[in-house]
Structure formats: C-alpha cells, structure tokens
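Novice: from the sequence below, what's the structure:
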Amino acid sequence: MIRNRRTAQRGFTLIELIVVVTIVGILASLAVVNVRYAQRKAREAALKDNLHTMRSAIDNFYADKQKYPSSLEELVPNYIRAIPKDPITNQQDWEQVMDNPLETGEEISAETDPEAMSEPGVVDVKSVAAGVTLDNVPYNQL
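Specialist: This next block holds a predicted model:
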C-alpha cells in the first residue's frame, strides 16, 4: 500500500506549476526591459566612438600641418580611412564647427606659420541627429 501512494504522488501539482510559470514570466519581463534599449545604447556608444575618432584625426591633422582641415574630407585617407556614418541618422551628415583664426583678433605666434593660420578650418565635429541620449544629453552636445 505504501508503494501505491508513492507512485500516485509522482509529478507536479497545479500550484507548483503556476508558481514556476509566474517566476519564468517575471524573469522574461525583466530581460525584455533590458534588451529593449540595448540597440539604442549600442548606437549611442558607436556615435561617441565616431566623434572621438574624428576629433582625434582633426587634432592629428593640426599637429602635423599647424592648421585645421578645411573639411572632413581632407582627413581621408591619411588621418582616417573614411568619414563614418552617424549611427543615429545612418548618414554622413556631421555638423562641422568651423574656426576662423583671423576673426578671433588673437595675434599669431612667431612659431606658427602665418599662411597656414590664415584659413578657416574644422575644429570640431558634432552630430546633427535630433533627440537625446538615454542619459538625457542632446546628441548635438556629445
């Protein structure tokens, strides 16, 4: 008789199954929330990396030639392989921040080539994407 009771009690009860399904559902909902923003986080990280790379190329160009490039295309191929696309807009539409050294009114030092410093150039690059990051920073202020 004891043997028959043990065989009859094999398996899960309905309450146990409901508890397990509820726990799995909670874990799945947590995973969906984390995955939801993963692609956006990846695009923002790529945008920051692209901006850092282009700014570094502009700095290297200035260090070599004592002037800023007249456009981003002047950086290709010696300082950067290609102008990257903005991962937010998927286009090569960067805002080029231009600087004209003659408009600042500062005197050019004797160490710097006056001919090289007489032309305006790209001193910074920013994204033209509308919106803000997940950290509430506008894309054009990265």
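Novice: so where's this protein uncertain?
Specialist: Applying pLDDT under 70 to the chain picks out residues 1-9, 101-118.
Novice: max-length helix in it?
Specialist: helix 38-65 (DSSP state H).
Novice: contacting residues around whichever strand or helix holds I15?
Specialist: Using DSSP states H and E, I15 falls within helix 14-36. With contacts defined as C-beta atoms under 8 Å, 6 or more residues apart in numbering, helix 14-36 is touched by F12. Just so you know, the C-beta spots here come from the backbone N, C-alpha and C atoms, and that holds for glycine as well.
Novice: please apply the same query to stretch 76-88.
Specialist: For stretch 76-88, contacts defined as C-beta under 8 Å, 6+ apart pick out 43-44, 46-47, 50, 53-54, 57-58, 60-61, 72-73, 75, 91-94, 127-129, 131, 139.
Novice: pull out the buried members of those.
Specialist: Buried subset of the contacts of stretch 76-88 (neighbour count, 16 or more other C-beta atoms under 10 Å): 43-44, 47, 50, 54, 57-58, 61, 72, 75, 94, 127, 129, 139.
Novice: including distance to L17, could the residues you listed go into CSV?
Specialist: Listed next are these as CSV, based on distance: C-beta to C-beta, whole Å:
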residue, distance to L17
R43, 41
E44, 42
L47, 46
N50, 50
M54, 56
A57, 60
I58, 62
F61, 66
L72, 61
L75, 62
W94, 56
S127, 51
A129, 48
Y139, 48
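Novice: quick one: the helix holding I15 to helix 38-65, angle?
Specialist: Interaxial angle, helix 14-36 versus helix 38-65 (axes from the mean of the first three to the mean of the last three C-alpha atoms, to 10 degrees): 20 degrees.
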